[in-house]
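S.K.: No letters, just coordinates:
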């Protein structure tokens, strides 16, 4: 399994923003089928890391490869489904139905002058069904709860039939009850639909319970591996500073 | 035949008015959802500087208005993209700056104050046959651009980062949008005037949004509201002998108020 080419490969990445180093000497690979949680403090470079993978930013040092190519020039952008936090939070008054938003996920697969084909619409229907939002198809996205709107944007990402799903702080603004269902949904996408998932979060406890692999980032790579082996006090202190103690879950 | 259509200038006013009524909310929709409605007002003031220049050098003020408006829209979009200045501040600078320029040019050439008034508030009787051709042709360009790039413009309005991550040319799409806005604003000057054009691009869209329909339906509805406002406004202004630009905007406002009350919850 591990002998095949990795989906994502970062090699000695460095990124500076106005001469302030945000990321330094960061290397890791993501293979098909992984469920990776990227955690770290705010300002630690999580979002920058995601933007490098999406080709929205170019590293100042090192190389990024997605499907073996430089993501900035990757032609098959539709192979990465992106769910930005901002889109979910900022579009409460955007006058579009769930169907219209999910359908926009097909746009990267279409040429400039081509319309939506039956195949496109089928993919949209499938994405809405998998995400459990088909009953809201004609509802405005602003009328939904935070958790439901989150699913709309995931369905939007799924509509392009991606190989990788990238989620940036997806549980912000989603209430606790909905979060549990949301994690079940992601786990299902990973196991049943063999989707590779990258999940960015500051919520260490929740992520460590859900994902298969954890990557801790605070300017450089602090830890990488299985959550149960990694998220011990010394690692967390390195990540979040002295005095941070891991809180055990009630159910443990 | 109704009396109103016995006059050539009224027929021209209706032709140009209908073209503008369709183009204005199509562009306005994308500006409104991007929280960029004030761009239309800024472009209108820039067009006024263009009109003043055209009058001063004695060539068709519509062309100089389009030239100024499109040119400035590029600079505005470039400044907004560079993120050195807040986009509202960019708009404020251009709005007052171009008004200042217009006033100075007008003061250099004394004597067309009456003419200026017609550009500020619109004057349907001044629409010439060649104006009608220019307005119709460019309105068709605006309309077709929106139809062809609908799915891309929708995505870029929804989220720019998402659009960029999808591999679409966000900057070029934004430039296209502001250019189309610039053209539409310059075209609308004859009908509603510099000071009222913003209303025609924004009020029908915001009224249509009250009904809580999807993007395409809202767009369609806003065009209907705009058409009704322009046609209703032209008729009223003719029979009541009142200013056409202001009447059109007031009709749009009445529809807006009606929409708010009609769709009020509880």
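M.R.: Nice, I can see it. Everything numeric here is computed off the predicted structure, so don't read it as measured data.
S.K.: what does the stretch 1-150 of chain A put close to chain B?
M.R.: Residues of the stretch 1-150 of chain A found near chain B, taking Cβ under 8 Å from any Cβ of the partner chain as the criterion, are A:54-56, A:74-75, A:77-78, A:80, A:82, A:84, A:86-87, A:90-91, A:94-97, A:99-101, A:104, A:107-108, A:110, A:112-113, A:115-116, A:138, A:140, A:143. Every residue, glycine included, has its C-beta placed from N, CA and C.
S.K.: If we use 7 Å, what do you get?
M.R.: Within the stretch 1-150 of chain A, the positions adjacent to chain B are A:54, A:56, A:77, A:82, A:84, A:86-87, A:91, A:94-97, A:100-101, A:104, A:107-108, A:113, A:140 by Cβ under 7 Å from any Cβ of the partner chain.
S.K.: Report the buried members of those.
M.R.: Using 16 or more other Cβ atoms under 10 Å in any protein chain shown as the burial test, these include A:54, A:56, A:77, A:82, A:84, A:87, A:91, A:94-97, A:100-101, A:104, A:107-108, A:140 as buried.
S.K.: Quick one: residues in contact with stretch A:85-97.
M.R.: With contacts defined as Cβ atoms under 7 Å, 6 or more residues apart in numbering or on different chains, stretch A:85-97 is touched by A:137-142, A:149-150, A:153, A:168-169, A:172-173, B:33, B:158-159, B:161-162, B:209, B:214-215, B:218.
S.K.: mind redoing it with 6 Å?
M.R.: Counting by Cβ atoms under 6 Å, 6 or more residues apart in numbering or on different chains, stretch A:85-97 makes contact with A:138, A:142, A:149-150, A:153, A:168-169, A:172, B:33, B:159, B:162, B:209, B:214-215, B:218, all of which sit outside it.
S.K.: and which of these is nearest residue B:109?
M.R.: residue B:33 (40.5 Å; Cβ to Cβ).
S.K.: Apart from its chain neighbours, what residue comes closest to the closest one?
M.R.: In space, and not counting its chain neighbours, residue B:33 is closest to residue B:157: 4.9 Å by Cβ to Cβ, 6 or more residues apart in numbering or on different chains.
S.K.: Check residue A:48 too.
M.R.: Closest to residue A:48 by Cβ to Cβ, 6+ apart is residue A:22, at 4.9 Å.
S.K.: can you check residue B:260 too?
M.R.: Nearest residue to residue B:260 in three dimensions, chain neighbours excluded: residue B:210, at 5.8 Å (Cβ to Cβ, 6+ apart).
S.K.: close enough to count as contact, that neighbour and residue B:261?
M.R.: No - Residue B:210 is beyond contact range of residue B:261, at 9.3 Å (criterion: Cβ atoms under 6 Å).
S.K.: In terms of packing, which of the two has more residues around it?
M.R.: When neighbours are counted by other Cβ atoms under 10 Å in any protein chain shown, residue B:210 and residue B:261 differ, and residue B:210 comes out ahead with 19 against 9.
S.K.: residues contacting the more buried one?
M.R.: B:259, B:260, B:263.
S.K.: hmm, back to that, where does the residue nearest to residue A:48 sit, in terms of helix or strand?
M.R.: Assigned by DSSP states H and E, residue A:22 falls within strand A:20-30.
S.K.: And for residue B:41?
M.R.: Following DSSP H and E, one finds residue B:41 within helix B:38-57.
S.K.: which strands and helices sit next to that helix?
M.R.: Here helix B:38-57 is seen to pack against helix B:61-82, helix B:87-108, helix B:170-192, helix B:197-209 when contacts are counted using 3 or more Cβ pairs under 6 Å, 6 or more residues apart in numbering or on different chains; DSSP states H and E.
S.K.: Give me the three-state assignment for residue B:136.
M.R.: Using DSSP: H, G, I helix; E, B strand; the rest coil, the three-state assignment for residue B:136 comes out as helix.
S.K.: burial measure for the closest residue to it other than its chain neighbours, as a count.
M.R.: Residue nearest to residue B:136 in three dimensions, not counting chain neighbours: residue B:19, with 5.1 Å by Cβ to Cβ, 6+ apart. Burial of residue B:19, expressed as a neighbour count using other Cβ under 10 Å, amounts to 25.
S.K.: The one helix or strand residue B:19 maps to vs helix B:170-192, what angle?
M.R.: Residue B:19 belongs to helix B:8-33 when assigned by DSSP H and E. With axes from the mean of the first three to the mean of the last three Cα atoms, to 10 degrees defining the directions, helix B:8-33 sits at 150 degrees from helix B:170-192.
S.K.: helices or strands next to the helix or strand containing residue B:143 in the packing?
M.R.: When elements are defined using DSSP H and E, residue B:143 is found to belong to helix B:129-148. When contacts are defined as 3+ Cβ pairs under 6 Å, 6+ apart, helix B:129-148 packs onto helix B:8-33, helix B:170-192.
S.K.: Apply 10 Å and report the result again.
M.R.: In terms of contacts (3 or more Cβ pairs under 10 Å, 6 or more residues apart in numbering or on different chains; DSSP states H and E), helix B:129-148 is packed against helix B:8-33, helix B:61-82, helix B:170-192.
S.K.: isn't the residue nearest to residue B:33 right up against residue B:149?
M.R.: No - taking contact to mean Cβ atoms under 10 Å, the distance of 11.3 Å between residue B:157 and residue B:149 leaves them out of contact.
S.K.: Spatially nearest residue to residue B:238 (excluding sequence neighbours)?
M.R.: Nearest non-adjacent residue to residue B:238 (Cβ to Cβ, 6+ apart): residue B:4, at 5.3 Å.
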